[in-house]
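**Student:** missing the sequence, but the structure's below:
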């Protein structure tokens, strides 16, 4: 955008300089009697409560048993204490509560949403507590859930976008625990036993390895009580050791995997940054300009808007506890794959060499700062943001200081930080597609 | 259990479900534009959505996908704002924006910090009447849409199967065509087609503007008058009824294509709330029937077919209360390992028969209602979703009040009524069955001979 266009309209000019300061909700933090870290944000206006309990128990903790963390998480609500899957589901659904579990590479979580109506909330919390503390992992349920996982893994094989992502992570991470997909592979899931799950749960679902996020219309005393009760059945245990750092990439590599699709799915990237990287903000703003701001980002502008080569074209850093990826992605009809990839890589090279323009940097800051409130405008979003602060041990004023840190980023910082992380000589490129042979 | 009583009793938040319905303020401008405003003061943000009464179901043969194509072109500039500037202005104001097209509507939205509402009004009003359609932008965007079609449908075995399924299930209803359009139609669209479509439907008297957020309704009305007020209304075409003819027997379709797993879809022709006439309880009873089958992990499909009989790896049921024309009550699922499509179809059929033969238990019915009530409150955590519901019901001709009646209407449904609608509508004469039969796909492993380390400069 030329700034001229914005200024043509007085109303826009006025609005751009009068952004009011938004008071970011304050995060309250304490450690529970059992040693779990608790993060609480009280809200007003809706009679509901969101709770998210997060463990350092993601697929990076699978060891050699790829898929173990995901299957353990997936089985939590299929039987606990005195209840089977039907009883658990009925208890929750009778009071309108929603409960979910899931895993990422870094973490495993249980999330619960309930009305604050006292009896309903009590039932929801009691059920969640049993699921966390006393999952049954019954043999019969285990066999069924394992088979469902195996089918899901099989179905993954009809999705070129899944295949390209898996191959990309393998290219980036080699033997590192981040290399494999969360669900694992057929050959690693098939030999899993229920004892594997019991052991995994015992080792990782412990209070020393837990954070509890509470967001909703309750007071501090209630929140303290809720956290104590939720963790009350878990062992104290110990936090697991730090993950190893991924091995640095040796050289650029191009991997092509033939698939009978009309489009070729493309990924290109390198090892990027950790969630606690000192250059987090310059890199975040850099990527916002390069490929993180939807249709107005450079990659989208070049690939889609100027050339009509792809429906989506983007880039992002995925900050993890250890170094997460920086990746660019697009998908285009098979005969345009090389051209689209070249345009994306040229855009990357130009950005790495020259950084953003002053105008781009200013526009990015306006977008991030002016839209910051939109990241926190519902209890659900607030819960996710607080969980990320908590899990990665970011400072409690991280959200409050976010826009300030973004405002402080300079062009020079971006150029230096981006070049130091994105080594153009190490780019891993994966293409899946090309049509039938 | 250790949870009973004690400190949780301190959670004495005043809790009245029926007082919880938020006020919706309705305004109409002289040019016919409708404005709906709902206040939500929890955060200093505002959602704007502009809904047009036009979508895929308004299209005739040969130009399917034109509503969606036009939606893309709406970002390509006006006399005042060159191509792409709409998005850049919203971005510079910290906003998020996009658009979506359905069978019954085309809608555009922005989410902004609350003081930026005039920015979205100015831009939306401008492109409502002053879109500049150029051949240069159209040619590129046509390619983008064809890529979107490849991504979402052509390379997705299930989506492709569903596209074929709908084309067979409906005889003459426009719902037989995909929203994104048939490939030849999308490829054959011309700039003139788009100009005509734009001139026909994009007018203030064919639009509803929905605003939800930290705003004052009277101030929003004043802003709407300022920006949208000067726009001229159009003479809108009469929308043809296009009611689906009566189906006379079960229909079947098999789609064979490369895929890893088989997939089953069954659809029964059912009226929507808007087409059902006086007996509107029937639509809510169908909604409850879908809940009995698929309202959570305790519902029948999960409990009986996924866990009990283990005939399905996954299974779902759905009914769209708010469509403009009559629609389908659907069941869909993936057979469990070692089970066939036929076995799953039989199991679905038995669940339908059970709905017809036995009244649902009081406990199941209460559970569905408890969830409906809770989720109605959860939805209020999302300003965007609330705006969606108001905009959709208004645009299909039901009126936004329908959203607020929902909980009470569902609450009034009886076990006997669920049984009645199952006997009346979930019958073979209204049924279409679709099978996805997988053809072989190569294994997912990478071919080693195609892997070669190269310098980054060698990538072309």
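**Tutor:** Structure's in. What do you need? The structure presented is a predicted model; accordingly, all values stated were derived computationally and were not measured.
**Student:** Residue B:84 and residue B:90 touch, don't they?
**Tutor:** No - with contacts counted by Cβ atoms under 8 Å, residue B:84 stays clear of residue B:90, the gap being 11.0 Å. (Glycine included, C-beta is placed from N, CA and C.)
**Student:** So these two - more neighbours on which side?
**Tutor:** Per other Cβ atoms under 10 Å in any protein chain shown, whichever of residue B:84 and residue B:90 has more neighbours is residue B:90, with 24 against 18.
**Student:** Now the stretch 51-200 of chain B against chain A: closest residue?
**Tutor:** residue B:94 (2.2 Å; Cβ to the nearest Cβ).
**Student:** That residue: how many residues sit nearby?
**Tutor:** A count of nearby residues for residue B:94, using other Cβ under 10 Å, gives 26.
**Student:** Ramachandran angles for the nearest residue to it once chain neighbours are set aside?
**Tutor:** Spatial nearest neighbour of residue B:94, chain neighbours left out: residue A:370 (2.2 Å); criterion: Cβ to Cβ, 6 or more residues apart in numbering or on different chains. Here is the backbone geometry of residue A:370 (degrees, to the nearest 10): phi -60, psi -30.
**Student:** With residue B:45 instead?
**Tutor:** phi -130, psi 160.
**Student:** Excluding sequence neighbours, find me the nearest residue to it.
**Tutor:** Nearest non-adjacent residue to residue B:45, counting by Cβ to Cβ, 6+ apart: residue A:377, 4.3 Å away.
**Student:** quick check, that neighbour in a strand?
**Tutor:** No - counting by DSSP: H, G, I helix; E, B strand; the rest coil, residue A:377 is not found in a strand; it is coil.
**Student:** where along the stretch 151-300 of chain B do the helices fall?
**Tutor:** Listed from the start of the chain, the stretch 151-300 of chain B has helices (DSSP state H, counting those that start in this stretch) covering B:157-169, B:183-188, B:191-201, B:217-228, B:281-294, B:300.
**Student:** most packed of the ones you listed?
**Tutor:** Greatest average neighbour count among those goes to helix B:281-294 (a mean of 24), per mean count of other Cβ atoms under 10 Å in any protein chain shown.
**Student:** which residues make contact with it from outside it?
**Tutor:** B:270-273, B:276, B:299-302, B:315-319, B:321, B:329, B:331, B:351, B:355, B:360, B:364-365, B:368-369, B:371-372, B:409-410, B:412-413, B:417-418, B:420-422, B:424-426 (Cβ atoms under 8 Å, 6 or more residues apart in numbering or on different chains).
**Student:** Do you have the helices of the stretch 51-200 of chain A handy? List them.
**Tutor:** For the stretch 51-200 of chain A, the helices defined by DSSP H, counting those that start in this stretch cover A:68-75, A:85-94, A:118-133, A:139-156, A:160-173, A:186-189, A:194-204.
**Student:** Pipe those into JSON lines and attach distance to chain B, mean pLDDT and mean neighbour count per row.
**Tutor:** Below are the helices of the stretch 51-200 of chain A laid out as JSON lines (distance: least, Cβ to the nearest Cβ, whole Å; pLDDT from 0 to 100; neighbours: other Cβ atoms under 10 Å in any protein chain shown):
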{"stretch": "helix A:68-75", "distance to chain B": "12", "mean pLDDT": "98", "mean neighbour count": "25"}
{"stretch": "helix A:85-94", "distance to chain B": "3", "mean pLDDT": "97", "mean neighbour count": "20"}
{"stretch": "helix A:118-133", "distance to chain B": "4", "mean pLDDT": "98", "mean neighbour count": "22"}
{"stretch": "helix A:139-156", "distance to chain B": "5", "mean pLDDT": "97", "mean neighbour count": "18"}
{"stretch": "helix A:160-173", "distance to chain B": "6", "mean pLDDT": "97", "mean neighbour count": "22"}
{"stretch": "helix A:186-189", "distance to chain B": "9", "mean pLDDT": "98", "mean neighbour count": "16"}
{"stretch": "helix A:194-204", "distance to chain B": "17", "mean pLDDT": "98", "mean neighbour count": "18"}
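**Student:** Which one, of those helices, ends up nearest to residue A:393?
**Tutor:** Of all the helices of the stretch 51-200 of chain A, helix A:194-204 sits nearest to residue A:393, with 17.5 Å by Cβ to Cβ.
**Student:** After the closest one, which helix or strand is next? Please name it.
**Tutor:** Downstream of helix A:194-204, the next assigned helix or strand under DSSP states H and E is strand A:210-216.
**Student:** Check the offset of that following strand from the chain's centre.
**Tutor:** On the basis of Cα atoms, centre = their mean, to the nearest Å, strand A:210-216 is displaced by 17 Å from the centre of the chain it belongs to.
**Student:** now the angle from that strand to helix A:118-133?
**Tutor:** With axes from the mean of the first three to the mean of the last three Cα atoms, to 10 degrees as the basis, strand A:210-216 and helix A:118-133 are set at 160 degrees to each other.
**Student:** quick one: average pLDDT of strand A:210-216?
**Tutor:** The pLDDT scores in strand A:210-216 average 98.
**Student:** for stretch B:104-123, same thing?
**Tutor:** 97.
**Student:** how far away is the most centrally placed residue in chain A from residue A:425?
**Tutor:** Using Cα atoms, centre = their mean, the residue of chain A that lies closest to the mean C-alpha position is residue A:104, 6.9 Å off. From residue A:104 over to residue A:425 the distance is 30 Å, taken as Cβ to Cβ, to the nearest Å.
**Student:** list the contacts for the closest residue to chain A within the stretch 251-400 of chain B?
**Tutor:** Closest to chain A within the stretch 251-400 of chain B is residue B:374: 2.4 Å, counting by Cβ to the nearest Cβ. Residue B:374 makes contact with A:95, A:96, A:97, A:98, A:114, A:115, according to Cβ under 8 Å, 6+ apart.
**Student:** For the helix or strand where it lies, list every residue counted as buried.
**Tutor:** Element membership of residue B:374 [criterion: DSSP H and E] is helix B:362-378. Of the residues in helix B:362-378, B:364-365, B:367-374, B:376-378 count as buried by neighbour count, 16 or more other Cβ atoms under 10 Å in any protein chain shown.
**Student:** re the thing from before, which of the contacts of residue B:374 lies closest to residue B:138?
**Tutor:** The shortest approach to residue B:138 among these belongs to residue A:98, at 44.0 Å (Cβ to Cβ).
**Student:** Give me the spatial nearest neighbour of the closest one, chain neighbours excluded.
**Tutor:** Residue A:98's closest residue in space is residue A:113 (Cβ to Cβ, 6+ apart), at 4.6 Å.
**Student:** give me every residue that touches that neighbour.
**Tutor:** By Cβ under 8 Å, 6+ apart, the contact set of residue A:113 is A:48, A:49, A:50, A:51, A:97, A:98, A:99, A:380, B:378.
**Student:** Fine by me, we can end here.
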